[in-house]
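> The following comprises the amino acid sequence and a computationally predicted model.
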Amino acid sequence: MRIGLALVGAVLLGDAVALMGMGLFSLGITMPGCIGIAFLLLALCWDGVARWRKADRRRELFWRAGWGAFAVWLVTVGVFFYGIRSGMGVSVPAGAPVKAIVILGSGTPNCEASPTLIARLDQGLVQARRWPEAKVVVSGGQDFGLRCVEADIMADYLVARGIAPDKVFREGRSTSTEENLVFSRRLLEGQGVDGASAIVVVTSDFHVRRAVGIARKAGSVEAFGVGAVTPSYLRFNAWLREYFAAISSWVLREY
């Protein structure tokens, strides 16, 4: 048990440190790091903890209850991950009169597009070429501690790859998925795209189901989601972050 905790703790902490070293920070990264530290400390102090908990029956019950709660939490995470795999896209009906494509931001460490954001933008390019008459909205505000606006970086990326500048509309105030879609809805209404018009929401594969739900509640009744592949080294961290984001969105009734 002690060796197992040490190995798992080292892997979790190493994963978190490596990703944070790349300028990536989220609950899906910091929580595994914290769990890794806890496991390493527990492995280091295993004998002392064993003496402490065996000295009192209530401590032993507390110890078992803690591990039981952790096991239940892991089961809920596993169920959520399974659900993500089954909801990674809402297919766009062939021939649908798509009026707009909304690409959601995903962070710009050092004022550069992250690999996750690049995957979303590349998928946005695919959709823009599929629906050449559709307006393209890039949605993302200013990251904490940075001077750049994510929407500007996203728009520059698309224009540099052949999308006409007058087709790209920048929504640069949002700081959450809900704001992404609410503010984009308002921007589109100003461009004559009402809530009954079909739109395509481009985001990461794990994020599609929640994003489409929020888009529809924000007024885009005919919203369809297209998912970009999440980089493999970040996949499970991103899924864990989405686990907590989905709970938060449900509590706040965002979808």
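That came through, no problem. Not measured: the values here are computed from a predicted model.
> Every contact and neighbour count from this point should use C-alpha atoms.
Noted.
> What is the single longest helix found in the chain packed up against?
In the chain, taking DSSP state H as the definition, the longest helix is helix 57-85. Of the remaining helices and strands, those touching helix 57-85 by 3 or more Cα pairs under 8 Å, 6 or more residues apart in numbering; DSSP states H and E are helix 46-54, helix 235-251.
> again, only this time at 7 Å
Packed against helix 57-85 by the contact rule (3 or more Cα pairs under 7 Å, 6 or more residues apart in numbering; DSSP states H and E) you find helix 46-54.
> how far off helix 57-85 does the helix it packs on point, in degrees?
Between the axes of helix 46-54 and helix 57-85, defined by axes from the mean of the first three to the mean of the last three Cα atoms, to 10 degrees, the angle is 110 degrees.
> so where do the helices sit in the stretch 151-255 of the chain?
With DSSP state H, counting those that start in this stretch as the criterion, the stretch 151-255 of the chain has helices at 177-190, 208-217, 235-251.
> just so I know, which of those helices lies nearest residue 12?
In this view, the helices of the stretch 151-255 of the chain are compared for proximity to residue 12 by Cα to Cα, and helix 235-251 is the closest at 10.3 Å.
> just how off-centre is the closest one within its chain?
How far helix 235-251 lies from its chain's middle: 7 Å, per Cα atoms, centre = their mean, to the nearest Å.
> Got the phi and psi for the residue in the chain sticking out farthest from the centre?
Of all residues in the chain, residue 55 sits farthest from the chain's C-alpha centroid, using Cα atoms, centre = their mean; the distance is 44.4 Å. Backbone geometry at residue 55, expressed as degrees, to the nearest 10, gives phi -80, psi -10.
> where are the low-confidence patches of the protein?
Judged by pLDDT under 70, the chain has its weakly predicted residues at 87-91.
> how does it divide up, domain by domain?
Using automatic domain parsing, the domains assigned to the chain come out as 2-85, 98-251.
> Indicate which one of those domains is closest to residue 92.
For residue 92, the closest of the domains of the chain is domain 98-251, at 5.9 Å, according to Cα to Cα.
> Next, count neighbours for residue 29.
Under the neighbour criterion other Cα atoms under 10 Å, residue 29 is assigned a count of 24.
> give the contact list for it.
Residue 29 is in contact with 16, 237, counting by Cα atoms under 7 Å, 6 or more residues apart in numbering.
> ditto for the one 3 residues further on
The contact partners of residue 32, by Cα under 7 Å, 6+ apart, come to 12-13, 16.
> okay, these in a markdown table with distance to residue 65, neighbour count and secondary structure next?
Shown next, in a markdown table, are those (distance: Cα to Cα, whole Å; neighbours: other Cα atoms under 10 Å; DSSP: H, G, I helix; E, B strand; the rest coil):
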| residue | distance to residue 65 | neighbour count | secondary structure |
| --- | --- | --- | --- |
| 12 | 23 | 22 | helix |
| 13 | 24 | 22 | helix |
| 16 | 27 | 24 | helix |
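> which one among the residues you listed gets closest to residue 37?
Residue 37 has its nearest neighbour among those in residue 13, at 6.4 Å by Cα to Cα.
> Touching, the closest one and residue 33? I think so.
Yes: Residue 13 is in contact with residue 33 according to Cα atoms under 7 Å; the separation is 4.4 Å.
> looking at the helices of the stretch 151-255 of the chain, which is buried most?
Mean neighbour count, computed with mean count of other Cα atoms under 10 Å, is highest for helix 208-217 among those, reaching a mean of 23.
> what angle sits between it and helix 235-251?
Taking the same axes, to 10 degrees, one finds helix 208-217 and helix 235-251 inclined to each other by 30 degrees.
> what is the orientation angle of helix 208-217 with helix 177-190?
Orientation note: helix 208-217 sits at an angle of 50 degrees relative to helix 177-190 (the same axes, to 10 degrees).
> I'd like to know which elements helix 208-217 is packed against.
helix 177-190, strand 223-228.
> how far away is residue 143 from residue 113?
Shown here: residue 143 relative to residue 113, a distance of 12 Å by Cα to Cα, to the nearest Å.
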